[in-house]
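>>> Sequence first, then the predicted structure, then my questions.
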Amino acid sequence: MSGMASPPILLFMLVCAAHTLAEVYPDPAPDCVGKQDEVGCREARAGGWQCRDPSACRQDGLKCSDSDVARRIGMSCSGWPGYNGGYPISKIHWDSENEYYECDTVASQNSTYCRQWLTIEDGDDEWEAGSCWCTHVHASKIGRQYCGNWSCLQLEVEKCYEVYRPLGIRAWRDEWGGTGWARGCDGADDPMCNLTWIEAQFPGYNVSRRGAWSVFPYTCLKKSTSRHSSYRWREEAPHVETEKADCGCLEANSMGACVRWYCREYDDAGLHDVEHEYYDATQLSSSGSRVDAWRGDIDSRGEFEMSECICTVPSANDMLCEKWECFEKGTAYFFPNLWWSALHVTLIILGPVFVFALADEETSGPVIPVECGFCCYGLFVLFAYPILFVWVGGIGELVIVISIFAPCLCCLCVGVIYAEPEEKDEDEEETKAPSPTKERDYDEIMMHLWYKEKLFKLDKEIRTAAMIEANNRDAPDARWDRMTWEARYDLCMSKKGESRDKAAEVKEFYEERVNEFDVEVRTAAMAEAKALGEMWDTMTYKDQYYWCKVAAEKAAAETAAETAAAKKAAAEKAAAEKAADDKKAEVEKMRAVLMAAEKTAAEKAAAEKASSQGVLPVVLGHYLSQSKSRLSRTKSRLTQTGSRLAESLPVVQAVALPMARSASDRFRTAKRPGELNASTKDINFA
């Protein structure tokens, strides 16, 4: 890719891509903004990967969806490469304006078409004002005249962002297309000082809508940012251009209303691309002689626009519109920038350099672990970088980056797979110590890490002096980066002037390992050692560590077995409960089926009996069965009452009879009135 920009310039461009004044967002090529052939510059950056679908949004107008707009402007493609950047990662940037038109009713009085009209277009950063006039008149099949061709001339002026300073109509040197400025009015008595440019240029119009065009010509006052300037405000003239348009009716109905027309818009200096505008009527008046609403599709080399218009004030003769309004919005075509692949490749290559720089552990320890740094680097390479650069460079940028690194990765993989093992010296193999067990390997690793912690607890000056001494050695294997953590600690202790006690260090290491176990584990280890005849107090910390390690593994195995057994028992219980529930449900289902069958059989028998005996015997049988059921219920109630009386008889004999006898005795002994001399008769109460 010849002439490719340097990575610092591309990094600056990437920052500008999201903060640009261009009409496209994101802007893949911010360096192209302001160039004379801006579209050509963007096409060169795209390298032929741009795409667009001219058929999208042709019929929908302002209701066109964002996905169709993305296909129209080239952010997404129906074929390869499929995606060029922008939407849907970011929203589509729109530029809109409101347009107002007013027919010259004086010139068009008693006419079937508008002879000339005033145009005003109001945007966010500029405005346009001018007039259009009919150049050729055509006649319909019924003889009605309509405008077949017309031309327009407009003045496009930049808006002020802070303060307007009106200068009077004489300040504009040329009526049309001039770029120079002259002095303002000659004095307050000059009648031209009371007129605006639009009122003087288009007499006869009632321009009731106010805007920046109402104070033109003007200059823009901006606050001065220079420290040496004695003026608070500085004066700047706005940018002014002229635009022209030639239009023609493509289709008219039988009533003489133009229902489809075309316009070609261009500027007199040829600085901007030519716009091709196609308009179609969407609504006609009841008589069909006037267009009440229409839709426009505007296309150029660098952007496309959509507009919708509506007639707001129809004429009295129902032939034309006196006033109509339009809303127009558009966006620029999107061109991916393949030059972003240079920055993408540079960041991938420089990533490991930053990781090793942050993970430098020779002096004061690493800022971040090497593993963490490479993990973050991998996330950036696999996710962050592709999303960011595809957003501004499209799939083509990613294809270029992959084509650069894919051969390197293939060569690396082949080299790792087919690399020959290193030949070892026979004498070295004979004198090498036997390989330790897996447990010993784990203990050695833990001890190395333990010495690493002790090393970084020493003063930084001692570590620096020891590192300098080790790096000054002639033997490469004796240098600091080749030494183990224990050897580095030994060298630092010698520089410190203190002798090492290896046995005490080993004792301290295993004592810390033993204290890391839980109390239950240590207790279980002591009990197991005592059962085997070992004395815990006389053991070394190393032996205590291994006993605790075995006990911990045994406790973990028992816990796992208990958990598995509990899970198995719970599963078996749930299966048994489910089987019982299923069996119970099946029994209930069978019972319901049998009861339904019995009921059906009884109903069938009753129906057969009724059909054989007639209705009266059935009714009598029904009443007899009811009477029989009532008698059985009465009998059962009497039986229950008798049983209750039989149960209460012993209570009556035990309580009521003694009370009755005592009352009888008191009655016999008592004297009745009128029978004082009579002998008392015996009264027996049975």
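Sure thing, it's come through.
>>> List the buried residues of stretch 263-283.
Residues Cys263, Glu265, Tyr266, Asp267, His272, Asp273, Glu275, Glu277, Tyr279, Asp280, Ala281 are the ones in stretch 263-283 that count as buried (16 or more other CB atoms under 10 Å). All C-beta atoms are positioned from the backbone trio N, CA, C, and that covers glycine.
>>> mind putting the residues you listed in TSV, distance to Thr242 and secondary structure included?
Output for the buried residues of stretch 263-283, formatted as TSV (distance: CB to CB, whole Å; DSSP: H, G, I helix; E, B strand; the rest coil):
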residue	distance to Thr242	secondary structure
Cys263	16	strand
Glu265	11	strand
Tyr266	10	strand
Asp267	6	strand
His272	11	coil
Asp273	16	coil
Glu275	14	strand
Glu277	18	strand
Tyr279	22	strand
Asp280	28	strand
Ala281	29	strand
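>>> And those residues, which is closest to Ala46?
Closest approach between these and Ala46, by CB to CB: Asp273, at 16.9 Å.
>>> In terms of helix, strand or coil, where does Asp537 fall?
coil (DSSP: H, G, I helix; E, B strand; the rest coil).
>>> what's the burial count for it?
6 (other CB atoms under 10 Å).
>>> What pLDDT is listed against it?
The score at Asp537 is 73. That number is its pLDDT.
>>> Over to Ile92?
The model's pLDDT for Ile92 equals 93.
>>> What of Glu325?
96.
>>> Is it located within a strand, as I assumed?
Yes - judged by three-state DSSP, Glu325 forms part of a strand.
>>> Okay, now the unreliable bits of the protein?
1-23, 168-195, 204, 225-231, 359-368, 419-445, 448, 503, 610-623, 645-686 (pLDDT under 70).
>>> in it, which spans are strands?
95-103, 116-123, 126-139, 145-158, 163-166, 218-223, 233-236, 240-252, 258-267, 275-284, 291-299, 303-314, 321-332 (DSSP state E).
>>> As TSV, those strands with distance to Ile395 would be great.
Output for the strands of the chain, formatted as TSV (distance: least, CB to CB, whole Å):
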stretch	distance to Ile395
strand 95-103	27
strand 116-123	34
strand 126-139	36
strand 145-158	38
strand 163-166	47
strand 218-223	43
strand 233-236	44
strand 240-252	38
strand 258-267	35
strand 275-284	30
strand 291-299	25
strand 303-314	23
strand 321-332	20
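>>> quick one: which of these is nearest Ser208?
strand 95-103 (8.7 Å).
>>> and the closest one, which strands flank it?
Note on strand 95-103: by DSSP bridges, its sheet partners are strand 116-123 (antiparallel), strand 321-332 (antiparallel).
>>> quick one: buried residues of that strand?
Asp95, Glu97, Glu99, Tyr100, Tyr101, Glu102, Cys103.
>>> which residues make contact with that strand from outside it?
23, 114, 116-124, 205-207, 209, 307, 309, 315, 320-331 (CB atoms under 8 Å, 6 or more residues apart in numbering).
>>> chain center to that strand: distance?
Offset of strand 95-103 from its chain centre (CA atoms, centre = their mean, to the nearest Å): 37 Å.
>>> which residues touch Glu43?
Contacts of Glu43 (CB under 8 Å, 6+ apart): Gln50, Phe335.
>>> got the CA positions of stretch 293-306 in PDB?
Taking Å, rounded to 0.1, in the frame of the first residue of the first chain, the C-alpha atoms of stretch 293-306 are listed here in PDB:
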ATOM      1  CA  ALA A 293     -48.500  16.400  -1.900                       C
ATOM      2  CA  TRP A 294     -45.400  15.000  -3.500                       C
ATOM      3  CA  ARG A 295     -42.200  13.100  -2.700                       C
ATOM      4  CA  GLY A 296     -38.600  13.700  -3.900                       C
ATOM      5  CA  ASP A 297     -35.500  11.600  -4.300                       C
ATOM      6  CA  ILE A 298     -32.300  13.600  -4.700                       C
ATOM      7  CA  ASP A 299     -29.000  12.000  -5.600                       C
ATOM      8  CA  SER A 300     -25.500  13.200  -6.300                       C
ATOM      9  CA  ARG A 301     -22.000  11.900  -6.400                       C
ATOM     10  CA  GLY A 302     -21.400  12.400  -2.700                       C
ATOM     11  CA  GLU A 303     -24.800  12.300  -1.000                       C
ATOM     12  CA  PHE A 304     -28.500  11.500  -1.300                       C
ATOM     13  CA  GLU A 305     -31.500  13.300   0.100                       C
ATOM     14  CA  MET A 306     -35.300  12.600   0.600                       C
END
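>>> so how far is it from its chain's centroid?
The answer for stretch 293-306 is 32 Å, by CA atoms, centre = their mean.
>>> now do stretch 482-493
Worked out by CA atoms, centre = their mean, stretch 482-493 lies 52 Å from the chain centre.
>>> Can you list the neighbours in contact with that stretch?
Residues lying outside stretch 482-493 but in contact with it, judged by CB under 8 Å, 6+ apart, are 447-449, 451-452, 454-455, 458, 462-463, 466, 469-470, 476, 480, 499-500.
>>> hmm, try it at 10 Å
444, 447-459, 462-467, 469-470, 473, 475-478, 480-481, 498-500, 502, 505 (CB atoms under 10 Å, 6 or more residues apart in numbering).
>>> what's the answer for stretch 64-76, then?
Taking CB under 10 Å, 6+ apart as the rule, stretch 64-76 contacts 24, 46, 49-58, 60, 77-78, 82-92, 94, 299, 303-304, 306, 330-336, 394.
>>> Can you give me the buried ones in that stretch?
Asp68, Val69, Ala70, Arg71, Arg72, Ile73, Gly74, Met75, Ser76.
>>> And the furthest pair within the residues you listed?
Longest span within those, CB to CB: Asp68 and Gly74, 12.4 Å.
>>> If you count residues, where's the longest helix of this protein?
helix 541-613 (DSSP state H).
>>> From the contact counts, what lies against it?
helix 438-457, helix 502-515, helix 519-531, helix 615-651 (3 or more CB pairs under 10 Å, 6 or more residues apart in numbering; DSSP states H and E).
>>> returning to what we had before: select only the buried ones of the contacts of stretch 482-493 in ChimeraX?
To isolate the buried members of the contacts of stretch 482-493 in ChimeraX, using 16+ other CB under 10 Å:
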select :447,450,451,452,454,455,458,462,463,466,467,470,480,505
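>>> would you list the strands paired with strand 95-103 in JSON lines and tack on distance to Ser632?
What follows is the strands paired with strand 95-103, written out as JSON lines (distance: least, CB to CB, whole Å):
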{"stretch": "strand 116-123", "distance to Ser632": "102"}
{"stretch": "strand 321-332", "distance to Ser632": "93"}
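>>> Dump those into CSV; add mean neighbour count and distance to Val353 as well.
Converted to CSV, the strands paired with strand 95-103 look like this (neighbours: other CB atoms under 10 Å; distance: least, CB to CB, whole Å):
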stretch, mean neighbour count, distance to Val353
strand 116-123, 20, 49
strand 321-332, 19, 38
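>>> closest one to Leu624 among these?
strand 321-332 (93.5 Å).
>>> can you state the direction angle for that closest one and strand 303-314?
Orientation note: strand 321-332 sits at an angle of 160 degrees relative to strand 303-314 (axes from the mean of the first three to the mean of the last three CA atoms, to 10 degrees).
>>> now strand 321-332: how far from the chain's centre is it?
Per CA atoms, centre = their mean, the centroid offset for strand 321-332 relative to its chain is 34 Å.
>>> picking that back up, for Ile198, find the nearest of the strands of the chain.
strand 126-139 (5.5 Å).
>>> Packing partners of the closest one?
strand 95-103, strand 116-123, strand 145-158, helix 197-201, strand 240-252.
>>> Go again with 8 Å.
The helices and strands touching strand 126-139, judged by 3 or more CB pairs under 8 Å, 6 or more residues apart in numbering; DSSP states H and E, are strand 116-123, strand 145-158, strand 240-252.
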